[in-house]
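Trainee: Here is a sequence together with a model predicted from it:
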Amino acid sequence: MSKHGRVLVAMSGGVDSSVTALMLHDQGYEVIGVTMKTWDYAANGTGKRVTGCCDLDSINDAREMAVNRGFHHMIIDIREEFGSAIIGNFTSEYMAGRTPNPCVLCNTFIKWEALLKRADMLDCELIATGHYAKVREEAGRFVVSKGLDPGKDQSYVLWGLAQENLARTRFPIGGYKKSEIRAMAVDSGFPELAKKSESYEICFIPDNDYRGFLKRKDPEAFEKLAHGKLVGTDGATLGEHDGYPFFTIGQRKGLGIATGKPQYVTEIIPESNTVVLGDKEDLEKHTAWVRQPNFQKIPFLAGEMETVTKIRYKDKGTSATIQMDGTQVRVDLHAKVAGIAPGQSAVFYDGDDVIGGGFIDREPR
């Protein structure tokens with residue numbers, strides 16, 4: 001019998017999740033490693049192999065480590081759940097004029113659901129992942145906070161985790177820097193693992209051509225979207241485009257027109273297949289609207305609350321006042337912020353702690 005119990009560890013084959021498994025194994029947990037197969041690169045139509053969590057080499061690397069250290073490892077196929085939820089959401093969000101972040105959705109919902117389902121089947125009390133974040137219990141609630149390494153902190157992508165999921169979740173590497181994790185891999189006898197590069201691609205779009213991916217998913221829809229309007233903030237027609245889903249808020253390159261000065265996508269109006277262009281200053285806003293909020297540090301949002309709000313993963317954050325407005329959270333930013341993109345996540349912080357978050361929505365009309 002293990003000293004601490006049985007834990008299911010998500011192992012992608014990368015250095016972070018591998019060191020997570022090693023740490024827990026060395027601490028006396030009975031570790032069961034699991035690698036999730038989310039996408040089949042042979043069926044993606046690009047002719048290019050995937051990288052990161054989905055390729056065969058990574059799966060084999062995770063299995064070999066488990067065998068080397070004498071703990072169990074298994075592969076679970078979640079392609080069906082992934083396809084219907086993540087890829088379906090990806091396409092529908094672009095068609096709604098929003099810019100999705102599939103990694104947030106996948107990490108927060110699909111993978112946790114899959115992990116906890118298997119954990120119950122295998123009598124695992126806990127699950128663990130290689131995220132650079134921390135979780136603790138405070139005043140009867142489970143709170144996610146930033147990881148020690150500011151350059152690797154992943155608390156932003158975890159705002160959607162429910163309390164019952166956080167209660168069983170551990171982030172063993174959250175208190176370490178990336179350089180320390182790589183050193184641990186070397187010290188543990190896995191120098192090649194420490195040298196592994198990281199993939200920042202969307203796993204089901206390994207060529208980074210999301211426009212081509214969308215067209216392949218529904219070519220007839222995009223035929224109908226050709227010859228849409230490019231207009232200025234004053235409504236004047238500036239040109240045509242091949243479909244509003246091919247644009248994102250803040251985009252400057254690839255607009256297909258020349259106006260003599262830099263122009264940026266400031267608004268996407270799917271109802272009329274219109275893309276609005278403006279100056280950089282037109283991107284700056286004081287207010288954001290957030291749908292489907294989930295709160296972690298507090299059970300619900302009552303009245304106004306002062307926060308630091310991040311509107312994208314690498315955003316440094318801006319002081320803001322948040323309050324409920326119907327089913328949405330209204331975010332009043334204390335300084336103008338550029339490039340608030342519907343579909344992305346807004347995450348509210350109290351110091352290092354995640355208060356909660358949600359999906360940025362289009363402004364109410």
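Mentor: Structure's in. What do you need? Values in this document were obtained by computation on a predicted structure and should not be read as measured data. Numbers count the residues shown, from 1 in each chain.

Trainee: got the contact list for residue 107?
Mentor: 131, 157-158 (CB atoms under 8 Å, 6 or more residues apart in numbering). (C-beta placed from N, C-alpha, C; glycine too.)

Trainee: mind redoing it with 6 Å?
Mentor: Contact analysis of residue 107 by CB atoms under 6 Å, 6 or more residues apart in numbering lists residue 157.

Trainee: go on, residue 307?
Mentor: Applying CB under 6 Å, 6+ apart to residue 307 gives the contacts 320, 322, 348, 355.

Trainee: got the residue ranges for the strands in the stretch 101-250 of the chain?
Mentor: 126-128, 133-138, 141-146, 169-170, 228-232, 237-241 (DSSP state E, counting those that start in this stretch).

Trainee: Turn those into CSV, including mean neighbour count.
Mentor: What follows is the strands of the stretch 101-250 of the chain, written out as CSV (neighbours: other CB atoms under 10 Å):
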stretch, mean neighbour count
strand 126-128, 22
strand 133-138, 17
strand 141-146, 21
strand 169-170, 20
strand 228-232, 19
strand 237-241, 16
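
Trainee: need the contacts of residue 307 in JSON lines with secondary structure, neighbour count and pLDDT, can you?
Mentor: Below are the contacts of residue 307 laid out as JSON lines (DSSP: H, G, I helix; E, B strand; the rest coil; neighbours: other CB atoms under 10 Å; pLDDT from 0 to 100):
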{"residue": "320", "secondary structure": "strand", "neighbour count": "25", "pLDDT": "98"}
{"residue": "322", "secondary structure": "strand", "neighbour count": "25", "pLDDT": "98"}
{"residue": "348", "secondary structure": "strand", "neighbour count": "29", "pLDDT": "98"}
{"residue": "355", "secondary structure": "strand", "neighbour count": "23", "pLDDT": "98"}
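
Trainee: just curious, which of these is nearest to residue 116?
Mentor: residue 355 (23.5 Å; CB to CB).

Trainee: With adjacent residues omitted, what lies nearest to the residue most central in space within the chain?
Mentor: Residue closest to the mean C-alpha point of the chain, counted by CA atoms, centre = their mean, is residue 104 at 2.2 Å. The spatially closest residue to residue 104, leaving aside those adjacent along the chain, is residue 157, at 4.8 Å (CB to CB, 6 or more residues apart in numbering).

Trainee: cool, residue 124 as well?
Mentor: residue 8 (4.2 Å).

Trainee: What pLDDT does the model give the one you found?
Mentor: Per-residue confidence at residue 8 stands at 97 (pLDDT).

Trainee: Determine the three-state secondary structure at it.
Mentor: Three-state call for residue 8 (DSSP: H, G, I helix; E, B strand; the rest coil): strand.

Trainee: my read: it touches residue 120, true?
Mentor: No: assessed by CB atoms under 6 Å, residue 8 is found out of contact with residue 120, at 9.5 Å.

Trainee: neighbour-wise, which of those two wins?
Mentor: residue 8 (26 against 11; other CB atoms under 10 Å).

Trainee: ok, that one - contacts?
Mentor: Contacts of residue 8 by CB under 6 Å, 6+ apart are 32, 34, 119, 124, 127.

Trainee: Verify the stated contact: the last one with residue 119.
Mentor: Yes: with contacts defined as CB under 6 Å, residue 127 counts as touching residue 119 at a distance of 5.2 Å.

Trainee: burial of residue 175, as a residue count?
Mentor: By the criterion of other CB under 10 Å, residue 175 has 13 neighbours.
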